[in-house]
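S.K.: Take this sequence and fold it.
(one chain, ligands or ions: 1)
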Amino acid sequence: MIIGIIGSGAMGAGIAQVAAQAGHHVLVYDTQDVALLRAQSGLKKIFDRLVEKQKFTRAQADEIINRISFEDNLKKFSNCGLVLEAIIEKLEAKKSVFSTLEEVVNNDCILATNTSSLSVAAISANLKHPERLLGVHFFNPAPLMPLVEIIPSLQTSSAITKQTEELIKSWKKVTVLAKDTPGFIVNRVARPFYSEAIKMYEEGFASMETIDWAMKNIGGFRMGPFELMDLIGHDVNYVVTETVWSQFYYDPRFKPSITQKRLTEAGLYGRKSGRGFYNYAEKAEKPTPNEDAKLGQEIVDRILALLINEAADAVFLNIGSCQDIDLAMTKGVNYPNGLLAWANQIGLEIVLNRLQKLQEFYGDDRYRPCPLLRKLVADNQVFKL
Ligand SMILES: NC(=O)c1ccc[n+]([C@@H]2O[C@H](COP(=O)([O-])OP(=O)(O)OC[C@H]3O[C@@H](n4cnc5c(N)ncnc54)[C@H](O)[C@@H]3O)[C@@H](O)[C@H]2O)c1
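M.R.: Numbering: from 1, shown residues only. Coordinates of the predicted model:
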């Protein structure tokens, strides 16, 4: 099968690499020649490094690279079996790409969007054949992150969903099925990892380096929330938070923070701009965390209770199955445990009590426990994994 990729930025180039490594011929299109050239030279450099590290022989690497061709004409995509769009996150631009593609590709070609935050239903509206379009959401960097969320819209045919799942699995990826709702699974469930950490920092409950230390050393997360936000970039992370919040009709559970907004406004995006929550200048002093075990445990318990609540709500609202939600968080954002399995381990009543105490103290709907969590506790049950 020939795979088409539209948009040769960070995601498009990464997904092209994944598909070519799986043995496909891949066509990559971008409106900017410079983006195509950048992707082409980037892939060469990546494979030079992979050859150096002996992951591939030179011959294998060349074979993979030669399977990818960079095109400036969409007409060449007529024989693709799947075309995946990874252009800028703008609804009108994406709609326009797909209506152009509909005129170019065969009837049995699957159309996929890598959108992180737009509705798949809105992207496929007005297409002649919306039943063949779905969300196929890779994580960054696509060649390294195992998870892909598969998101059928209201109009996607179940046969297309199944066929796409099989195809992406054959690329050695782990797929989960997610409902077409804001943030799908990962970007929805992960919100409190960032927002509750910022809230504790804003209140002076703990410093950011202490929160990062606790989440890594006690919680077992690979990175602390502040380090991770600085790595992702506040421009990206803040926009995702704000988009998810507004798309949920301003539910306080997803409310963004002024602190992060100010960083974004000031252009202090994180590592890429030299300063975010932390200062990345060469001689900048690294702040020292307060390694108090009791405080650390309180920090982890609080963030974890909110994460579990979000995961429970995603089950309650049929965004994904218990298994898929746990898989998504371990494979998409490297959480040390599936949140629902973790909740079962801690004890659902303990998690519920933590949420109720927070809700009582703050009087804020942000902490309202998920009805499913309350029901499971009342029935003396656990999440079924
Ligand atoms: N970067 C991430 O972490 C990440 C993760 C998952 C999903 N996504 C999603 O993937 C998509 C791409 O993100 P990215 O980070 O690769 O962006 P990017 O800015 O690195 O690349 C986008 C590319 O699309 C090209 N482009 C813009 N309009 C086009 C058009 N009409 N036709 C063809 N090419 C066009 C641009 O020239 C650019 O090269 C977005 O929808 C984003 O939300 C991003």
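S.K.: Next, count neighbours for Asn337.
M.R.: For Asn337, the count of nearby residues is 16 (other CB atoms under 10 Å). Just so you know, the C-beta spots here come from the backbone N, C-alpha and C atoms, and that holds for glycine as well.
S.K.: In contact with it, which residues?
M.R.: Taking CB atoms under 8 Å, 6 or more residues apart in numbering, we find Asn337 in contact with 220, 326, 330, 345.
S.K.: Can you list which of these are found in strands?
M.R.: Using DSSP state E, no member of those sits in strands.
S.K.: I'd like those laid out as CSV, including neighbour count and distance to Leu37.
M.R.: Formatted as CSV, the contacts of Asn337 follow (neighbours: other CB atoms under 10 Å; distance: CB to CB, whole Å):
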residue, neighbour count, distance to Leu37
Gly220, 12, 42
Asp326, 26, 41
Thr330, 18, 37
Gln345, 10, 50
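S.K.: which among these gets closest to Val18?
M.R.: Thr330 (19.4 Å; CB to CB).
S.K.: show me the contacts for the spatially closest residue to the closest one that is not a sequence neighbour.
M.R.: Excluding its sequence neighbours, the residue lying closest to Thr330 (CB to CB, 6 or more residues apart in numbering) is Gly338, at 5.6 Å. Contacts for Gly338 (CB under 8 Å, 6+ apart) come out as 325-327, 329-330, 385.
S.K.: how far away is Gly338 from Leu385?
M.R.: Per CB to CB, to the nearest Å, Gly338 is found 7 Å from Leu385.
S.K.: circling back: the contacts of Gly338 also near the ligand: which ones?
M.R.: Among the contacts of Gly338, proximity to the ligand is found for none (CB under 6 Å from any ligand atom).
S.K.: tell me which of those is nearest to the ligand?
M.R.: Met329 (15.5 Å; CB to the nearest ligand atom).
S.K.: Mind picking out the helix or strand in the chain with the poorest mean pLDDT?
M.R.: None of the helices or strands of the chain scores lower by mean pLDDT, DSSP states H and E than helix 234-247, at a mean of 93.
S.K.: Dump that one to PDB, restricted to CA.
M.R.: Listed next in PDB are the C-alpha coordinates belonging to helix 234-247 (Å, rounded to 0.1, in the frame of the first residue of the first chain):
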ATOM      1  CA  HIS A 234       4.100  26.500  27.000                       C
ATOM      2  CA  ASP A 235       2.800  27.800  23.600                       C
ATOM      3  CA  VAL A 236       1.700  24.200  22.800                       C
ATOM      4  CA  ASN A 237       0.800  23.000  26.300                       C
ATOM      5  CA  TYR A 238      -1.200  26.100  27.200                       C
ATOM      6  CA  VAL A 239      -3.200  26.100  23.900                       C
ATOM      7  CA  VAL A 240      -4.100  22.400  24.400                       C
ATOM      8  CA  THR A 241      -5.400  23.200  27.900                       C
ATOM      9  CA  GLU A 242      -7.300  26.200  26.800                       C
ATOM     10  CA  THR A 243      -8.800  24.300  23.800                       C
ATOM     11  CA  VAL A 244      -9.900  21.300  25.900                       C
ATOM     12  CA  TRP A 245     -11.400  23.700  28.500                       C
ATOM     13  CA  SER A 246     -13.400  25.800  26.100                       C
ATOM     14  CA  GLN A 247     -14.600  22.800  24.100                       C
END
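S.K.: Which secondary structure elements does it sit against?
M.R.: For helix 234-247, the packing partners by 3 or more CB pairs under 8 Å, 6 or more residues apart in numbering; DSSP states H and E come out as helix 186-189, helix 191-203, helix 258-265.
S.K.: Could you rerun that using 10 Å?
M.R.: If you count contacts as 3 or more CB pairs under 10 Å, 6 or more residues apart in numbering; DSSP states H and E, helix 234-247 packs onto helix 186-189, helix 191-203, helix 225-232, helix 258-265.
S.K.: got the angle for the third one vs helix 258-265?
M.R.: Read that as helix 225-232. Helix 225-232 and helix 258-265 are oriented at 20 degrees to each other (axes from the mean of the first three to the mean of the last three CA atoms, to 10 degrees).
S.K.: How about the second one?
M.R.: Angular relation of helix 191-203 and helix 258-265 on a 0 to 180 degree scale: 100 degrees, by the same axes, to 10 degrees.
S.K.: Dump helix 191-203 to PDB, restricted to CA.
M.R.: The C-alpha trace of helix 191-203 is given here as PDB (Å, rounded to 0.1, in the frame of the first residue of the first chain):
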ATOM      1  CA  ARG A 191      -4.700  17.700  32.000                       C
ATOM      2  CA  PRO A 192      -4.500  17.600  35.900                       C
ATOM      3  CA  PHE A 193      -0.800  16.400  35.700                       C
ATOM      4  CA  TYR A 194      -0.100  20.000  34.700                       C
ATOM      5  CA  SER A 195      -2.900  22.100  36.000                       C
ATOM      6  CA  GLU A 196      -3.000  20.700  39.600                       C
ATOM      7  CA  ALA A 197       0.800  21.000  39.800                       C
ATOM      8  CA  ILE A 198       0.600  24.700  38.800                       C
ATOM      9  CA  LYS A 199      -2.200  25.200  41.200                       C
ATOM     10  CA  MET A 200      -0.200  23.900  44.200                       C
ATOM     11  CA  TYR A 201       2.700  26.100  43.000                       C
ATOM     12  CA  GLU A 202       0.600  29.200  42.700                       C
ATOM     13  CA  GLU A 203      -0.800  28.600  46.200                       C
END
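S.K.: Would you mind saying which of the helices and strands packed on helix 234-247 lies nearest the ligand?
M.R.: Here helix 225-232 is closest among these (CB to the nearest ligand atom), at 7.3 Å.
S.K.: as a whole number, average confidence for the closest one?
M.R.: Mean per-residue pLDDT for helix 225-232: 96.
S.K.: Next: stretch 272-285.
M.R.: Taken as a whole, stretch 272-285 has a mean pLDDT of 94.
S.K.: Go through it and flag the buried ones.
M.R.: For stretch 272-285, the neighbour count (16 or more other CB atoms under 10 Å) marks 273, 275-278 as buried.
S.K.: and the nearest residue to Val315 once chain neighbours are set aside, what pLDDT?
M.R.: Distances taken as CB to CB, 6+ apart place Cys322 nearest to Val315, at 5.5 Å, with adjacent residues excluded. Looking at Cys322, its pLDDT reads 98.
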